[in-house]
Structures are given as C-alpha cells and as structure tokens.
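Enquirer: Build me a model from this:
(one chain, ligands or ions: 2)
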Amino acid sequence: MARRKKLYEGKAKILYEGPEPGTLVQYFKDDATAFNAQKKDVIEGKGVLNNRLSEFFMTGLTAIGVPNHFIKRLNMREQLIRQVEIVPLEVIVRNFAAGSMAKRLGLEEGTALPRPIVEFSYKDDALGDPLVPEEYIIAFGWASQQDLDDIVALALRVNDFMAGVMHGVGIKLIDFKIEIGRVWDGDFMRLIVADEISPDSCRLWDIETGRKLDKDVFRQDLGSLSDAYTEVAKRLGVLPTNVTHATKPTLIN
Ligand SMILES: Nc1ncnc2c1ncn2[C@@H]1O[C@H](COP(=O)(O)OP(=O)(O)OP(=O)(O)O)[C@@H](O)[C@H]1O
Ligand SMILES: [Mg+2]
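Expert: Ligands and ions are numbered 1, 2, ... in the order given. Model prediction:
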C-alpha cells in the first residue's frame with residue numbers, strides 16, 4: 001500500500017494527508033520535549049496514551065456540543081481529524097497558578113485564582129511562544145475581536161468539561177493549553193478545538209497527594225512520565241491493553 005503523504009512533522013505529532021479532502025491523519029510520537037525543545041527524550045508508549053486520551057477528551061467534548069477536529073481513532077497511534085486552519089495562538093486556561101504565571105507574579109504554585117483566566121501566546125517557536133495581549137492579536141490580524149470572544153467561550157467550556165471529568169477521578173485541573181482552528185461550511189467560518197488534549201498539554205495534580213500527573217514530571221525530572229500518564233488513563237478507564245512497556249506474552253486459555 002502506498003504510504004500517505006507526510007504534511008508536517010512537529011515535536012510530538014506527525015500530520016499525514018487524510019483519505020478524503022479536508023481530513024488529516026494525526027500520528028502521535030513518543031518524543032517528549034520541554035523548554036522549547038531544549039530538553040528532549042523518547043518516552044516509550046507516550047504516543048499511544050496521548051492518542052487514546054485525546055480521543056477520550058475530544059469525544060466527550062463532542063457529546064456536550066463543543067465542536068472539535070476529532071473524527072475517529074484509526075489505530076494505537078493515529079486518529080483521523082478534520083483539517084483546520086490553525087489560529088496561531090496557544091489558548092491557555094488557568095484555574096490555579098503554576099508554571100510561567102506563578103513565576104511572573106511570584107505566586108506559589110497551586111494558588112487558587114479568583115476565576116478561570118484565559119490568556120494567549122503567539123505560536124512561534126523561534127520567539128518562545130510569547131504571551132500576547134488581545135490588542136496585539138487583533139492589530140496583527142491573527143484573530144478578530146469576534147473570533148476572540150468565541151475562542152474564550154470555547155476555552156471556558158473545555159475548562160468546565162475537563163475540570164469536571166478530572167475531579168471525578170480525583171485529579172485537579174490546574175491549567176491547560178488548546179489550539180483552535182477554522183473550518184468553513186460554504187462561506188460560513190466556524191472555530192473548533194484542534195491539536196490535542198492530553199497530559200502533555202494540561203497540568204494535572206492528584207487531589208489527595210498533590211502528585212503531578214502531567215508533563216511537569218518530565219520537565220522537572222519527577223519520575224516516570226509514562227507511569228504518570230498511565231495513571232491518568234487508568235483512572236479515566238481508557239487504558240488500552242499492551243500500552244506502554246513491552247510485557248511478556250500471556251497465555252490465553
Ligand atoms: N486539525 C488540524 N488541522 C491542521 N493542523 C493541525 C490540526 N491539529 C493540530 N494541527 C497542527 O499540527 C501540528 C501538530 O504537531 P506538534 O504538536 O508535534 O507540533 P509542535 O512541534 O508543537 O509545533 P507547533 O509549534 O507547530 O505547534 C501543530 O503545528 C498543530 O498546530
Ligand atoms: Mg504542539
């Protein structure tokens with residue numbers, strides 16, 4: 001069978017041409033990167049877990065009417081998605097201070113915020129994805145005011161969904177990042193959730209112990225990243241068999 005055409009290879013995923021116009025195949029790699037790819041490693045099984053987890057979250061969003069790019073999972077590492085034109089912003093929603101916000105404001109990690117805060121950074125690796133105010137976004141034409149209002153509304157719906165799902169399995173949703181894309185139905189443009197939702201793009205803390213179950217485990221060398229992601233997948237009941245490390249064959253009788 002002819003190999004699909006590779007359209008883009010990023011740090012965590014590869015995009016291939018999809019079977020029909022307007023579709024793509026998204027392949028989840030095992031590569032982990034942090035600090036704008038200054039720190040790198042291969043985490044066996046990460047791609048499999050993120051493919052499953054992103055499917056789980058996107059499917060849940062579809063069920064509550066939040067439009068997103070997910071069509072169906074194809075196999076352990078690939079899913080069929082709707083092709084979008086990515087809005088060049090990382091849309092970040094924060095419920096508790098952590099990461100760059102904690103640093104910038106001198107807040108202790110985990111400090112509850114008075115309300116969820118949505119912020120934007122401009123997607124440009126060479127610049128280190130700088131935080132940008134809405135005024136820049138509108139002035140430079142990356143999105144209109146109407147788009148931004150829609151994006152904030154979408155992001156807050158994703159936040160409520162994710163926070164609720166996570167709370168149900170004893171996990172606190174500290175913050176997360178999503179990407180938004182444009183699709184056209186005729187002349188009518190809609191904004192939908194794209195890219196991925198996984199522990200690579202969220203901060204997740206165990207409610208009881210405060211244990212980190214997200215990419216900070218890798219950023220801060222806190223132990224096994226695949227154990228952390230496996231824990232999230234297990235709690236959500238989305239762990240496929242034979243996920244991570246090679247296991248001995250088991251006899252089925
Ligand atoms: N539905 C979609 N249609 C088109 N492009 C998409 C879609 N979903 C995600 N993308 C893009 O696919 C790429 C996914 O690859 P990956 O996440 O590995 O990239 P990355 O290394 O983080 O780089 P980037 O800075 O471009 O995000 C990203 O550029 C993302 O914006
Ligand atoms: Mg990315």
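Enquirer: Which residue is the nearest non-sequential neighbour of Ala163?
Expert: Of all residues not flanking Ala163 in the chain, Leu173 sits nearest, at 4.4 Å (CB to CB, 6 or more residues apart in numbering). Heads up, the C-betas are built off the backbone N, CA and C, glycines and all.
Enquirer: now the strands for the stretch 101-250 of the chain?
Expert: For the stretch 101-250 of the chain, the strands defined by DSSP state E, counting those that start in this stretch cover 112-122, 131-132, 171-185, 188-194, 202-206.
Enquirer: Tally up the residues packed near the residue nearest to Ala163, please.
Expert: 24 (other CB atoms under 10 Å).
Enquirer: again, but for Ile207
Expert: The number of residues packed near Ile207 is 12, by other CB under 10 Å.
Enquirer: Could you do Ile171 as well?
Expert: Using other CB under 10 Å, Ile171 has 25 neighbouring residues.
Enquirer: I'd like the distance between the residue found closest to Glu17 once you drop the neighbours it is linked to in the chain and ligand 1.
Expert: Distance criterion CB to CB, 6+ apart; nearest residue to Glu17, sequence neighbours excluded, is Lys5 at 4.3 Å. Distance, Lys5 to ligand 1, by CB to the nearest ligand atom, to the nearest Å: 14 Å.
Enquirer: What residues does the stretch 151-253 of the chain have near ligand 1?
Expert: Neighbours of ligand 1 within the stretch 151-253 of the chain, by CB under 6 Å from any ligand atom: 179, 181, 194-195.
Enquirer: got TSV for these, with pLDDT and neighbour count too?
Expert: Below are those laid out as TSV (pLDDT from 0 to 100; neighbours: other CB atoms under 10 Å):
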residue	pLDDT	neighbour count
Glu179	98	19
Gly181	98	19
Ala194	98	24
Asp195	98	23
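Enquirer: Rebuild these as TSV, extending it with distance to Tyr122.
Expert: Putting those into TSV (distance: CB to CB, whole Å) gives the following:
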residue	distance to Tyr122
Glu179	12
Gly181	16
Ala194	17
Asp195	15
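Enquirer: can you name the two of these that are farthest apart?
Expert: Gly181 and Asp195 (8.0 Å; CB to CB).
Enquirer: just to revisit the earlier point, mind listing what the residue nearest to Ala163 touches?
Expert: The contact partners of Leu173, by CB atoms under 8 Å, 6 or more residues apart in numbering, come to 95, 159, 162-163, 166-167, 202-204.
Enquirer: do Ile117 as well
Expert: 93-94, 101.
Enquirer: try Gly22
Expert: Going by CB under 8 Å, 6+ apart, Gly22 touches 82-83.
Enquirer: now Asp31
Expert: Counting by CB under 8 Å, 6+ apart, Asp31 touches 11-12, 40-43, 46.
Enquirer: Which members of those residues occur in helices, if any?
Expert: Judged by DSSP state H, these include Lys46 as members of helices.
Enquirer: for Tyr27, phi and psi?
Expert: phi -100, psi 130 (degrees, to the nearest 10).
Enquirer: since we're on it, how many residues are nearby?
Expert: If we define neighbours as other CB under 10 Å, then Tyr27 has 20 of them.
Enquirer: If we ignore the residues flanking it in sequence, what's nearest it?
Expert: Counting by CB to CB, 6+ apart, Ile14 is the residue found nearest to Tyr27 once chain neighbours are left out, at 4.3 Å.
Enquirer: That neighbour: neighbour count?
Expert: So Ile14, with other CB under 10 Å, has 19 neighbours.
Enquirer: What residues are bridge-paired with it?
Expert: Beta-bridge partners for Ile14, by DSSP bridges, are Glu9, Tyr27.
Enquirer: between the contacts of Ile117, which is nearest ligand 1?
Expert: Comparing these against ligand 1 with CB to the nearest ligand atom places Val93 closest, at 17.4 Å.
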